[in-house]
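Enquirer: Sequence first, then the predicted structure:
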Amino acid sequence: MNFEFTEEQKTMIAVGKDFAEKEIRPTQEEDEKEHRFRKDIVKKMAELGFFGCVIPEKYGGNETGHMCAALLCEEIGRVSASMTLPFNCQAWGPALAILNFGTEEQKEKYIPPLVNADMLGAFAITEPNSGSDVAGMGMTATETDDGFVLNGTKMWISNIQVADLSLVYAYTDKSKKHKGISCFVVDNLKTTPGITTVPIETKLGLFCAPTGEISFEDVKIPKSALLGERGQGFKICMTQLDQTRLGCAARGVGITRACHEESIKYALERTQFGVPIFSFQMIQEQIAEMYVEYEAARLLVLKAAFEKDQGNLSNTLSTSTAKYNAAETAVRASNAAMKVLGSYSYSSEYPVERYFRDAKSLQAVEGTSNIQKVIIARNVIK
Ligand SMILES: Cc1cc2nc3c(=O)[nH]c(=O)nc-3n(C[C@H](O)[C@H](O)[C@H](O)COP(=O)(O)OP(=O)(O)OC[C@H]3O[C@@H](n4cnc5c(N)ncnc54)[C@H](O)[C@@H]3O)c2cc1C
């Protein structure tokens, strides 16, 4: 086992860190305050190849791999959790699902614009009445002579109000239960009749990452929108989540590192009882625990990414372990950082309250922490 990064991976870390510091940090607090989605920054990330790591050169990618993508995602997440969402909405989600299950025509049409962010992507699984229970979805796709007609509502969908394209999961045959779900690549989201999107403005965090609801009312889509085969949607969905959960985990690692760094900085600056608070052993304990948990969470992410780079994209156990652990670690680290900063943590003048709010999303998105534990338990007895 080799713990040394390759030169390429070291370069990615440096590029990611530099980009986050120069392109995201300077306007970040203002963007957060205004709940501003920075499409221009997403485009610049695309130009640097951030969404091409897991995509073959043939479709506009750079083939640097999941490890590079995870390292980049950590660097961006250290500065802005919101700005890591495009890793999933562009690459690990739609582009990779289309690569794995699409026709050649779909690959050529959709993957390059997702990689270069000419098209913004999304994936729509969750509904108002079905979250963890994916097969409980109500959305239908009724086949007609020349295509499908979509009806239903998806809720809590990242990017949906800004997206051009989304993977949409719907029942083509409800009687077959989860084997009756199909996946569709729905494009022209902003112009297709019958589609309505509504932003969710009441979120706790991730203010620079749009989230919304999308409704489909008798929306006609062509037969060519079907991804994979009829009835393969549940499998596509689980395969897709096995990739996007790695992005969530890397985001959690980034947040944890930010908490650790901010706590050290503050603990060295802040004096009480005539000494920096860093000299108190209880503060040292909090900082030491954050460091240990950051290192452990990062290693689990890198292990899952390594396995994917070896060709094992269905490494559900490693991916869910990394995602569950990183989500819980980020929440614990942000909670600890809130304590280290005392009352100042409670003010938006310091970034720690943002880390705390953003970290909480990780316990829900792409399968709650309970659901990750269900998946882990099912896999460890195999
Ligand atoms: C910021 C944000 C972005 C999101 N982006 C997307 C997106 O891009 N696309 C998308 O499709 N969805 C997205 N989601 C939705 C997210 O994936 C769901 O919210 C999540 O899967 C949980 O579903 P739910 O909220 O309906 O919770 P529920 O399923 O109703 O669960 C409620 C509680 O019950 C628990 N529970 C449920 N079933 C079990 C069980 N079998 N065993 C133990 N406990 C259980 C859960 O762990 C949870 O604690 C996003 C959510 C957020 C907050």
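Expert: Everything's here; your move.
Enquirer: any idea how far the ligand is from Ser166?
Expert: Using Cβ to the nearest ligand atom, to the nearest Å, Ser166 is found at 9 Å from the ligand. In this view, the C-beta of every residue, glycine as well, is placed from N, C-alpha and C.
Enquirer: Is that residue bridged to anything, and to what?
Expert: Beta-bridge pairing of Ser166 under DSSP bridges involves Ala122, Val186.
Enquirer: correct me, but it touches Gly93?
Expert: No - applying Cβ atoms under 8 Å, one finds Ser166 not in contact with Gly93, separated by 9.3 Å.
Enquirer: Can you check which residues contact both of the two?
Expert: Gly121, Ala122, Phe123 (Cβ atoms under 8 Å, 6 or more residues apart in numbering).
Enquirer: Just the strands from the stretch 251-382 of the chain, written as ranges.
Expert: 271-272, 275-276 (DSSP state E, counting those that start in this stretch).
Enquirer: Save the ones you listed as a markdown table, and put in distance to the ligand too.
Expert: As requested, the strands of the stretch 251-382 of the chain are exported to a markdown table (distance: least, Cβ to the nearest ligand atom, whole Å):
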| stretch | distance to the ligand |
| --- | --- |
| strand 271-272 | 37 |
| strand 275-276 | 37 |
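Enquirer: Could you export those as a markdown table, including mean pLDDT and mean neighbour count?
Expert: Shown next, in a markdown table, are the strands of the stretch 251-382 of the chain (pLDDT from 0 to 100; neighbours: other Cβ atoms under 10 Å):
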| stretch | mean pLDDT | mean neighbour count |
| --- | --- | --- |
| strand 271-272 | 98 | 11 |
| strand 275-276 | 98 | 12 |
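Enquirer: Compare the ones you listed and give me the one nearest Ser224.
Expert: Among the strands of the stretch 251-382 of the chain, the nearest to Ser224 by Cβ to Cβ is strand 275-276 (63.7 Å).
Enquirer: roughly how far out does the closest one sit from the chain middle?
Expert: Strand 275-276 has its C-alpha centroid displaced from the chain centroid by 39 Å (Cα atoms, centre = their mean, to the nearest Å).
Enquirer: what's the answer for stretch 363-373, then?
Expert: For stretch 363-373 - counting by Cα atoms, centre = their mean - the centre lies 13 Å from the chain centre.
Enquirer: for stretch 235-246, same thing?
Expert: How far stretch 235-246 lies from its chain's middle: 11 Å, per Cα atoms, centre = their mean.
Enquirer: What parts of this structure come near the ligand?
Expert: Residues of the chain lying close to the ligand (Cβ under 6 Å from any ligand atom) are 123-126, 131-132, 156-158, 206, 211, 361, 364-368, 370-371, 374.
Enquirer: let's see it at 8 Å
Expert: The chain has residues 85, 88-89, 93, 122-126, 130-133, 154-160, 169, 203, 205-206, 209, 211, 361, 364-371, 373-374 near the ligand, with proximity defined as Cβ under 8 Å from any ligand atom.
Enquirer: residues near the residue nearest to Gln28 when sequence neighbours are not counted, how many?
Expert: Excluding the flanking residues, the one nearest Gln28 by Cβ to Cβ, 6 or more residues apart in numbering is Ser80, at 5.7 Å. For Ser80, the neighbour count with other Cβ atoms under 10 Å is 28.
Enquirer: who touches Ser80 in this structure?
Expert: Ala20, Ile24, Arg25, Gln28, Cys208 are the contacts of Ser80 under Cβ under 8 Å, 6+ apart.
Enquirer: got a winner among the residues you listed for most neighbours?
Expert: Ala20 (24 neighbours).
Enquirer: got a list of what the nearest residue to that one once chain neighbours are set aside touches?
Expert: Leaving aside its sequence neighbours, Ala20 sits nearest to Val79 (Cβ to Cβ, 6+ apart; 3.9 Å). Listed by Cβ under 8 Å, 6+ apart, the contact partners of Val79 are Ala20, Glu21, Ile24, Arg25, Gln28, Gly254, Ala258.
Enquirer: same thing with Leu206?
Expert: Counted by Cβ under 8 Å, 6+ apart, Leu206 has contacts Ala81, Ser82, Leu85, Arg357, Asp358, Ser361.
Enquirer: Which among the strands of the stretch 251-382 of the chain is found nearest to Ser263?
Expert: Closest among these, once you apply Cβ to Cβ, is strand 275-276, at 12.4 Å.
Enquirer: So what touches the closest one?
Expert: Taking Cβ under 8 Å, 6+ apart as the rule, strand 275-276 contacts Ala267, Leu268, Glu269, Arg270.
Enquirer: and which of those residues is nearest to Leu317?
Expert: So of those, ranked by how close each gets to Leu317 (Cβ to Cβ), first place is Ala267, at 36.9 Å.
Enquirer: wait, what's in contact with Asp146?
Expert: Taking Cβ under 8 Å, 6+ apart as the contact definition, Asp146 lies against Pro222, Lys223.
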